[in-house]
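Asks: Give me coordinates for this.
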Amino acid sequence: MSEFDKLHDAVLLSMEHRWGEKRLCCVFLPVSHELRPLSLTFDGVTEVHIPAMEPWGPSNSVNTISCDRDGCVVDFVIEMQSGDLIKIKAKNLI
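Replies: Numbers count the residues shown, from 1 in each chain. You can find the predicted model right below:
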């Protein structure tokens, strides 16, 4: 099981982009009552796309999270249950 699998159905609570630090922090609330809010911090961020078109209908829950490394850049995609794809390009996940 991937660490990202634990975030299936988690609620995306917030996203904070620290422009000068090139850092993005995403905070999630997993569905398990045993888990507290969990954050993913992306370092060396060069691009962030956060659409809110809701093609599948309104939802603030995560469907899947994936990543693909291309050289020294990692492409992260957070697929929301709304159908929106949040895309992040960063050097790494810390």
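
Asks: how many neighbours does the residue lying closest to R23 once chain neighbours are set aside have?
Replies: The spatial neighbour of R23 that comes closest, neighbours along the chain excluded (Cβ to Cβ, 6 or more residues apart in numbering), is D43 at 5.6 Å. Using the backbone N, CA and C atoms, a C-beta is placed for each residue, glycine as well. Each residue near D43 was counted by other Cβ atoms under 10 Å, and the total is 14.

Asks: Kindly state the beta-bridge partners for D43.
Replies: Under DSSP bridges, the beta-bridge partners of D43 are R23, N92.

Asks: Is it correct that it is in contact with K91?
Replies: Yes - using Cβ atoms under 8 Å, D43 is in contact with K91, at 5.8 Å.

Asks: From E34, how far out is the residue nearest in space to the middle of the chain?
Replies: Centre of the chain computed as the mean C-alpha position; nearest residue by Cα atoms, centre = their mean is I78, 4.6 Å away. Distance of I78 to E34, given as Cβ to Cβ, to the nearest Å: 22 Å.
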